[in-house]
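S.K.: One predicted model, sequence on top.
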Amino acid sequence: MTDTASYWDAIVRARVLTGDLPADRRAAFGAEWDDVVTRGGYLDNPFDFDARFFGMSPREARTVDPQHRLLLEVVWEAFEDAGTPPGAGAEATGVFVGITGQDYRHWLSGEPNSYWTVGNGHSFSAGRIAHTLGLGGPAFAMDTACSSSLVAIHTACRALTAGDCDL
């Protein structure tokens with residue numbers, strides 16, 4: 001799936017969207033996966049990313065967790081779907097991210113560089129969105145395991161109600 005229409009179609013048709021771990025993702029961990037359940041929901045081409053579009057160097061993009069990259073893309077798409085230019089009303093736009101899991105850093109090879117921490121820490125995900133899109137409202141990344149997205153939505157609703165942000 002590459003867009004909201006195909007996602008909605010999958011929901012309406014009650015399609016099963018889980019499958020086996022793709023071989024290219026297994027390779028980095030080899031035999032460590034042998035005794036682990038690996039059936040799950042996997043994204044197609046999670047490493048495709050237009051770094052230049054988001055003002056990121058290729059070197060930085062290689063070390064940035066795909067969750068951060070996907071968040072940038074999905075937030076941009078949300079603005080497009082809403083017919084609102086990113087950055088419009090920026091001073092009052094909040095960013096509330098539900099995020100969990102930090103395994104990408106285990107895939108990185110070579111010597112650590114300055115991008116490893118910034119590219120993989122959950123705390124940087126919301127700030128990266130706010131900074132890249134010029135949003136000036138509150139920016140929070142929340143890791144509460146399986147409930148992260150619900151806690152982020154709850155926190156965003158409270159911030160809207162309290163007047164901490166308008167969007």
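M.R.: The structure has been received and is ready for your questions.
S.K.: What are the buried residues along stretch 126-146?
M.R.: For stretch 126-146, burial by neighbour count (16 or more other CB atoms under 10 Å) applies to 126-130, 132-133, 135, 137-143. Bear in mind the C-beta positions are built from the backbone N, C-alpha and C, glycine included.
S.K.: now, the most widely separated pair of these?
M.R.: Across the buried residues of stretch 126-146, the longest distance by CB to CB is 21.7 Å; it joins L133 and D143.
S.K.: which helix of the protein spans the most residues?
M.R.: Criterion DSSP state H: the longest helix present in the chain is helix 66-82.
S.K.: what does that one rub up against?
M.R.: Helix 66-82 is contacted by residues 4, 43, 46-47, 49, 54, 61, 85-86, 95, 97, 99, 101, 104, 119-120, 124-125, 128-129, 132-133 when judged by CB atoms under 8 Å, 6 or more residues apart in numbering.
S.K.: Repeat the analysis, applying 6 Å as the threshold.
M.R.: Residues outside helix 66-82 that contact it (CB atoms under 6 Å, 6 or more residues apart in numbering) are P46, F49, F54, P86, I99, S125, R128, I129.
S.K.: Tell me the strands beside the helix or strand following it, with direction?
M.R.: Counting by DSSP states H and E, the next helix or strand C-terminal to helix 66-82 is strand 95-98. Applying DSSP bridges, strand 95-98 is found paired with strand 139-142 (parallel).
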